[in-house]
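A.B. asks: Generate a structure from the sequence data that follows.
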Amino acid sequence: GLTALVLLVAALSLHSLGVANDRMADYLDGVDARAIKVGMLRKAVDERAIAARNLVLVKEAAALEQEHRAVLKAHDEVQCHFKELQALVAQAHDMPAQAKALVAEMGAIEAKYSPVALAIVEMARQGQHEAAIAKMNAEGRPLLAQMIQVSNEYASLTAVRAHEIGLEAEAQMQAKQRLLGGIALLALLLAAGTGWHVSRKVTGSLQQAVSVAEAVASGNLTVAIDASGRDEVGALMRALTVMTRQLESLIGQVRHSSE
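C.D. replies: Numbers count the residues shown, from 1 in each chain. Predicted coordinates:
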C-alpha cells in the first residue's frame, strides 16, 4: 500500500509537470505569439506612417529616395506580419470571438489604409505635396487612428486573457498541491501505522522469546511456545522449541540413567 501511494504521488507529480508544460506551450504558441505578431504589425504600421509623412515633408532627392525605400520596406512588413497573424488565427483553437473580430477589423482597416498610404507616397514622389498632405489629413490620419485604437483594444484583451490563464494555472496548481499533500499525509500516516504495527509485533515476539528463555533457564521445560510465525522471530521461537525438546529429552535420559 505504501509503495502504491509513493508511485501515485510520483505519477501525479509527473502529470502535473506535463500539464503545466503543455499549458505554457499553448500560451507561448497561441495568445503570446498572436500578441507579439500584433505588436510587430503595429510597429510596421507606425513606421510606414512616419516614413510617408517624412516623404511628404522632405524636398531633397536623396532624402526622398531614402524615405521612399523606408515606406516600401515598412509596407512589405505590414503585409507580411498581417498574413502571419491571419495564419496564427486560423490555427487557433482557444481564441475568443472578440479577439478574432478585432483581428478581422484590423484587416478591414488595413485594406482601406494600404492604398491610401501608397497613393500619398506616389503624390509625394511626383511633387504634389499639398495634395499628399490633404489626403493624409483627410484619409490617412483617421485610418491610422482606427488602427491604433483597434490594436490597443487587442493588446488590452490579450493582457486580460493572459491574467485569466495565470489565475487558472495557479488554481489548478493549488488543487494539485492539495491533492499531493493529502496523499503524502496519508502515506505518512500509513508508514507510521505500519512501523508501529511492526514494532509492536516484533517487540511482543521478542518479549515472548525472552520469557521462554527465562523459563527454560529456571528449569521450566513445559512453557508454551508459539512458533507459528513466518519471520525471523518465528524462526527463533522454533529454535527455542527444538532446544526445549532436546533439553527435555536429555534430562529424561539423565533421569533414566540415574534411576
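
A.B. asks: Sketch out the low-pLDDT regions of the stretch 1-150 of the chain for me.
C.D. replies: For the stretch 1-150 of the chain, applying pLDDT under 70 flags the ranges 1-3, 5-10, 12-29.

A.B. asks: Could you rerun that using 80?
C.D. replies: Scanning the stretch 1-150 of the chain for pLDDT under 80 picks out 1-30, 94.

A.B. asks: the helices in it, which residues?
C.D. replies: Remark: helices assigned in the stretch 1-150 of the chain by DSSP state H, counting those that start in this stretch are 2-29, 31-57, 61-90, 97-125, 129-135, 141-217.

A.B. asks: Including distance to Ala239, could the ones you listed go into a markdown table?
C.D. replies: All C-beta atoms are positioned from the backbone trio N, CA, C, and that covers glycine. Below are the helices of the stretch 1-150 of the chain laid out as a markdown table (distance: least, Cβ to Cβ, whole Å):
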| stretch | distance to Ala239 |
| --- | --- |
| helix 2-29 | 31 |
| helix 31-57 | 72 |
| helix 61-90 | 78 |
| helix 97-125 | 80 |
| helix 129-135 | 109 |
| helix 141-217 | 9 |
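
A.B. asks: Kindly reformat those helices as TSV and extend each row with distance to Leu240 and mean neighbour count.
C.D. replies: Below are these laid out as TSV (distance: least, Cβ to Cβ, whole Å; neighbours: other Cβ atoms under 10 Å):
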stretch	distance to Leu240	mean neighbour count
helix 2-29	32	12
helix 31-57	74	19
helix 61-90	80	16
helix 97-125	81	17
helix 129-135	111	16
helix 141-217	5	14
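
A.B. asks: wait, which of those helices is closest to Leu236?
C.D. replies: Leu236 lies closest to helix 141-217 among the helices of the stretch 1-150 of the chain, at 5.5 Å (Cβ to Cβ).

A.B. asks: and the angle for that closest one with helix 31-57?
C.D. replies: Helix 141-217 runs at 160 degrees relative to helix 31-57, counting by axes from the mean of the first three to the mean of the last three Cα atoms, to 10 degrees.

A.B. asks: Helix 141-217 packs against which elements?
C.D. replies: When contacts are defined as 3 or more Cβ pairs under 8 Å, 6 or more residues apart in numbering; DSSP states H and E, helix 141-217 packs onto helix 2-29, helix 31-57, helix 97-125, helix 232-258.

A.B. asks: That one versus helix 61-90: what angle between them?
C.D. replies: Using the same axes, to 10 degrees: helix 141-217 against helix 61-90 is 50 degrees.

A.B. asks: Number the residues from 20 up from this point.
C.D. replies: Renumbered: residue one is now 20, and that last one reads helix 160-236.

A.B. asks: Centre of the chain to helix 160-236, how far?
C.D. replies: Per Cα atoms, centre = their mean, to the nearest Å, the displacement of helix 160-236 from the mean C-alpha position of its chain is 15 Å.

A.B. asks: got the angle between it and helix 251-277?
C.D. replies: Going by the same axes, to 10 degrees, helix 160-236 makes 0 degrees with helix 251-277.

A.B. asks: got the angle for helix 160-236 vs helix 116-144?
C.D. replies: Using the same axes, to 10 degrees: helix 160-236 against helix 116-144 is 140 degrees.

A.B. asks: mind checking how far Gly201 is from Ala116?
C.D. replies: Going from Gly201 to Ala116 by Cβ to Cβ, to the nearest Å gives 39 Å.

A.B. asks: now do Arg219
C.D. replies: From Arg219 to Ala116 the distance is 65 Å (Cβ to Cβ).
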